[in-house]
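Enquirer: I'll drop the sequence and a predicted model, then ask my questions.
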Amino acid sequence: MQTDDTDTKSDILSEEQKKEISDKAGYIETRIEWLEKRSLKVKANAFYVWSLGVGAVISGDFFSWNFGLGTGFGSLLVATIVITIMYWCFVLSLSEMASALPFSGGAYGYARATMGRTIGFCVGIAEAIEFTFTVASIVVAIGAIMTVVVGMHHETEPIWWFAAYSISIVIHLWGGHVLWLSFVIPVIISILIIFMLFLGSIKYWDISQFAFNVEPQSHGNSWFVDGAPGFFKSIPSAIWFYLAIEQIPLAAEETFKPKKSLPIALITGQATLTITAFVTLFVCSSIAPGVATISISFIPFSDSFATIFLVPNAKRLLALLSLPGLIASFHCGIFAYTRQIFAMSRSGYLPAFLSLTYRQIPWASLLFGSVIGVIAATILKYVGAVVPEVGSALVNISTLAALSVYIGLMLSYIILKIRYRAIKRKFSSPLHIVGAIITIILSILSIVSCLAFQPSYKWALIPLGAIFFVALLYYFLWSRKRLRISPEEAFALFTLYRIKVSRKRRRRFLHPKSSKSNFANLNSKASSTILPSSSSSRT
């Protein structure tokens with residue numbers, strides 16, 4: 001794990017102390033030769049990581065957000081403002097955690113360090129589901145757009161899936177600066193396309209005519225077509241503007257000075273996405289063909305660009321302008337699930353072979369996650385065509401998984417903020433615990449909105465529950481007894497342990513009459529809190 005230049009040896013316990021804590025916690029000893037097969041290259045700077053975060057999300061400006069306009073421009077606007085507040089609170093809190101404890105395991109690492117191994121596993125599985133299924137839904141969209149553009153039959157869409165996965169896998173296996181530049185280029189192109197739409201559409205703006213051309217229902221008006229329920233129905237669409245920004249900390253082990261670079265990338269990435277989200281929403285709603293058409297369009301940008309270029313019959317060709325954004329999120333999403341699976345495998349949560357590397361590139365997790373993605377895309381395409389609820393479930397599962405991750409992360413933040421304030425941070429959220437509480441409240445509101453006001457989301461609970469059932473079965477029957485302390489977790493876990501021990505020693509000094517038995521059990525109590533003990537013996 002990379003640390004900043006300001007980190008000192010005092011931040012790390014001796015090897016003997018580490019082994020003692022690992023033994024008491026029931027972890028398998030991690031040998032150097034085992035880790036040598038499971039290390040990553042350090043190549044990324046803050047700009048590269050920024051492109052990773054923005055790239056993971058920016059497809060949301062080109063795809064899916066527009067369906068929220070069906071409930072009225074006002075409903076989606078208010079929902080976007082609320083979700084923007086939620087994500088800013090979330091990103092500021094996550095930035096502080098990333099500066100204090102940079103984990104290549106991302107969310108699951110924070111949850112494991114603060115709330116124990118089982119909750120850490122659940123958060124990690126939820127995040128892996130989010131990234132894998134988001135990528136699957138994006139590749140289906142890429143296939144659909146390409147068949148439209150080239151005039152091929154829709155049954156040929158899987159050809160484009162395999163082409164997209166194959167090209168991305170080759171680039172990931174190449175690694176190094178080539179990989180990071182492959183994130184930067186489509187992101188920059190996507191941002192330029194959004195602002196080309198903004199600048200080219202200025203003379204066509206007429207928000208009063210085009211943003212309110214949807215017929216309101218009896219209990220609604222031109223702003224809120226479906227009344228108050230419309231706001232809740234549009235929340236899932238607003239989430240697509242920011243979904244997956246949380247994958248930035250997954251690059252911790254591959255980033256120079258992660259305690260500085262990760263917060264910079266998170267905050268500037270969120271700022272970039274906030275601008276592009278509102279530009280996209282206002283521009284597409286303010287020009288022809290208007291909200292009534294955009295709200296049901298599969299490729300909203302092609303409809304808007306047709307107005308600017310005055311070529312209404314060239315929508316098929318203009319659909320190509322949406323591809324860079326989809327490619328960016330697809331490519332960055334593959335990085336995310338690869339690193340998530342790799343980190344969980346290296347920690348013992350998943351089979352050990354999934355963390356194997358070649359030239360410090362995690363090829364096993366890359367191929368495994370991609371196979372799962374292709375299977376999900378196939379089910380989405382063919383089973384979803386016969387049973388629409390199945391297709392909706394596989395698309396929506398990523399949103400529910402993401403919201404669950406946000407709740408888990410913010411609980412970790414609150415624990416870290418209250419119990420472990422002594423940990424050094426390069427950045428502190430100006431909102432403190434309030435920001436985390438706001439994120440939790442709005443995440444719960446979003447989950448309720450998805451399940452109560454969008455019937456298709458209820459179907460997502462079935463595959464989500466099935467995956468968690470199988471995963472937890474595997475965890476309790478097998479991996480729970482074979483966990484390891486991986487390099488990216490060692491610093492955090494032992495730092496938390498040291499703080500716990502120091503706190504108890506200070507209490508003993510202030511209260512010298514306390515029983516000796518309490519102090520004699522100091523290490524076991526501390527390790528059971530930070531490294532929850534296992535009932536089984538080490539294997």
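Expert: In hand now; what should we look at?
Enquirer: C-alpha only now, for contacts and for neighbours.
Expert: Will do.
Enquirer: Give me the phi and psi for A244.
Expert: Its backbone dihedrals place A244 at phi 100, psi 10, with angles given as degrees, to the nearest 10.
Enquirer: got a list of what it touches?
Expert: A244 makes contact with G53, A56, V57, F131, A402, according to C-alpha atoms under 8 Å, 6 or more residues apart in numbering.
Enquirer: Return the distance of it relative to A402.
Expert: Distance, A244 to A402, by C-alpha to C-alpha, to the nearest Å: 8 Å.
Enquirer: just to revisit the earlier point, which members of the contacts of A244 occur in helices, if any?
Expert: G53, A56, V57, F131, A402 (DSSP state H).
Enquirer: Now do the SS call for R38.
Expert: Per DSSP: H, G, I helix; E, B strand; the rest coil, the secondary structure class of R38 is coil.
Enquirer: Quick one: neighbours of it, just the number.
Expert: 25 (other C-alpha atoms under 10 Å).
Enquirer: That one and S355 touch, don't they?
Expert: Yes: between R38 and S355 there is a contact under C-alpha atoms under 8 Å: 5.9 Å.
Enquirer: Show me the common contact partners of those two, please.
Expert: Here R38 and S355 have R346, P362 as joint contacts, going by C-alpha under 8 Å, 6+ apart.
Enquirer: Contacts made by stretch 424-444 with the rest, please.
Expert: Looking at stretch 424-444 with C-alpha under 8 Å, 6+ apart, the contacting residues turn out to be 83, 86-87, 89-90, 92-93, 95-96, 99-100, 259-260, 263, 403-404, 406-407, 410-411, 413-414, 417.
Enquirer: Just the ones of the residues you listed in helices?
Expert: Per DSSP H, the contacts of stretch 424-444 map to helices at 83, 86-87, 89-90, 92-93, 95-96, 99-100, 259-260, 263, 403-404, 406-407, 410-411, 413-414, 417.
Enquirer: before we move on, the earlier item: buried among the contacts of stretch 424-444? Make that a ChimeraX selection.
Expert: Applied in ChimeraX, the following selects the buried portion of the contacts of stretch 424-444 according to 16 or more other C-alpha atoms under 10 Å:
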select :83,86,87,89,90,92,93,95,96,99,100,259,260,263,403,404,406,407,410,411,413,414,417
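Enquirer: still on that earlier bit, what's the closest of the contacts of A244 to S64?
Expert: Taking C-alpha to C-alpha as the measure, S64 sits nearest to V57 out of the contacts of A244, at 12.0 Å.
Enquirer: Please look at the closest one and H331 and confirm they touch.
Expert: No: V57 is beyond contact range of H331, at 11.0 Å (criterion: C-alpha under 8 Å).
Enquirer: hey, where'd the helices end up in the stretch 201-350 of the chain?
Expert: 207-210, 228-239, 258-286, 291-294, 300-309, 315-318, 323-346 (DSSP state H, counting those that start in this stretch).
Enquirer: Among the ones you listed, show me which one is buried the most.
Expert: Comparing the helices of the stretch 201-350 of the chain by mean neighbour count (mean count of other C-alpha atoms under 10 Å), helix 323-346 ranks first with a mean of 27.
Enquirer: Quick one: list the elements packing against that helix.
Expert: The contact analysis (3 or more C-alpha pairs under 8 Å, 6 or more residues apart in numbering; DSSP states H and E) places helix 323-346 against helix 46-57, helix 117-150, helix 157-174, helix 176-201, helix 363-378.
Enquirer: at 10 Å instead, please
Expert: helix 46-57, helix 107-115, helix 117-150, helix 157-174, helix 176-201, helix 363-378, helix 487-510 (3 or more C-alpha pairs under 10 Å, 6 or more residues apart in numbering; DSSP states H and E).
Enquirer: Which one of those helices lies nearest to I423?
Expert: Nearest to I423, of all these, is helix 487-510, at 7.6 Å by C-alpha to C-alpha.
Enquirer: CA atoms only: put stretch 381-395 into PDB for me.
Expert: Below are the C-alpha coordinates for stretch 381-395, written out as PDB (Å, rounded to 0.1, in the frame of the first residue of the first chain):
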ATOM      1  CA  LYS A 381     -31.100  -9.100 -23.500                       C
ATOM      2  CA  TYR A 382     -32.900 -12.400 -24.100                       C
ATOM      3  CA  VAL A 383     -34.800 -13.200 -20.900                       C
ATOM      4  CA  GLY A 384     -35.700  -9.500 -20.400                       C
ATOM      5  CA  ALA A 385     -37.200  -9.400 -23.900                       C
ATOM      6  CA  VAL A 386     -39.600 -12.200 -22.900                       C
ATOM      7  CA  VAL A 387     -40.100 -11.200 -19.200                       C
ATOM      8  CA  PRO A 388     -39.600  -7.400 -19.000                       C
ATOM      9  CA  GLU A 389     -39.500  -7.500 -15.200                       C
ATOM     10  CA  VAL A 390     -36.300  -9.600 -15.400                       C
ATOM     11  CA  GLY A 391     -34.600  -7.000 -17.600                       C
ATOM     12  CA  SER A 392     -35.700  -4.100 -15.300                       C
ATOM     13  CA  ALA A 393     -34.500  -6.000 -12.300                       C
ATOM     14  CA  LEU A 394     -30.900  -6.500 -13.700                       C
ATOM     15  CA  VAL A 395     -30.700  -2.800 -14.600                       C
END
